[in-house]
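Q: Sequence first, predicted coordinates after that:
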Amino acid sequence: MAVKAHENQIRELTGSPVIVHPLAVMGILRNFGIKDEDILIAAVLHDVVEDSSITLEEVKKEFGDRVADLVDQVSKKQDKTYPIRDESGVVLKMADLIHNGLCMPKDNEKKINNYIRRVDLIIKNYPQLMNSYPEIFKYLKKILKKVKALR
């Protein structure tokens with residue numbers, strides 16, 4: 001589904017095929033020991049609703065309620081917010097932000113500032129994740145520091 005959704009799409013940050021990003025997000029989660037299949041599937045699908053004609057209902061029909069809910073939690077809404085509702089959604093969003101930070105261009109102040117704002121919100125609103133997912137939380141803070149240095 002993700003390969004079809006992102007077919008012929010190029011990632012603005014890197015110029016690489018868009019499908020590279022969700023696969024990298026899944027890899028980040030696996031590298032940090034996340035084994036929950038629903039979270040890993042949602043990682044691969046996390047941009048399909050936002051970036052293609054695939055609907056949340058189609059994701060739900062193919063992969064179930066929980067995967068669809070996780071995709072929904074990390075899909076940007078029209079008001080540019082993310083309706084993250086639980087720790088699984090937050091850890092998925094942290095992996096997404098880690099990969100975005102690793103790909104951050106040095107010459108795009110608007111993207112840098114937007115990234116910093118989004119990561120700061122995650123850190124501020126979900127401090128309990130320092131206990132639940134300490135390694136990924138620390139790594140996100142490390143990437144944030146590197147992105148801040150680009151300003």
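A: Here it is on my side, so go on. Numbers count the residues shown, from 1 in each chain.
Q: For stretch 53-73, which outside residues touch it?
A: In this structure, residues lying in contact with stretch 53-73 by CB atoms under 8 Å, 6 or more residues apart in numbering are 1, 5, 38-39, 41-42, 45-46, 48-49, 75, 82-86, 88-89, 92-93. (Each C-beta comes from the backbone N, C-alpha and C, glycine too.)
Q: can you tell me which of those residues are in strands?
A: If you go by DSSP state E, these have nothing in strands.
Q: Are any of the residues you listed buried, and if so which?
A: When those are checked for burial by 16 or more other CB atoms under 10 Å, the buried set is 5, 38-39, 41-42, 45-46, 48-49, 75, 82, 84, 88-89, 92-93.
Q: Minimum pLDDT in those, which residue is that?
A: In terms of pLDDT, the weakest of the buried ones among the contacts of stretch 53-73 is Y82, which scores 62.
Q: Low-confidence ranges, the protein, go.
A: Along the chain, segments meeting pLDDT under 70 span 77-83.
Q: and if we set it to 90?
A: Counting by pLDDT under 90, the ranges of the chain that qualify are 3, 5, 8-15, 18, 50-51, 75-86, 105-107, 123-132, 151.
Q: How about the residue positioned nearest the centre of it, nearest residue that isn't a chain neighbour?
A: By CA atoms, centre = their mean, the chain has its centre lying nearest to D96, at 2.4 Å. Residue nearest to D96 in three dimensions, not counting chain neighbours: V25, with 5.2 Å by CB to CB, 6 or more residues apart in numbering.
Q: quick one: M130 and F137 touch, right?
A: Yes: here M130 reaches F137: they are 5.0 Å apart, a contact under CB atoms under 8 Å.
Q: neighbour-wise, which of these two wins?
A: Ranked by neighbour count (other CB atoms under 10 Å), M130 and F137 place F137 first, with 22 against 12.
Q: show me what contacts that one?
A: For F137, the contacting residues are 94, 123, 129-130, by CB under 8 Å, 6+ apart.
Q: again, only using 10 Å
A: Shown in contact with F137 (CB atoms under 10 Å, 6 or more residues apart in numbering): 32, 90-91, 94, 122-123, 126-131.
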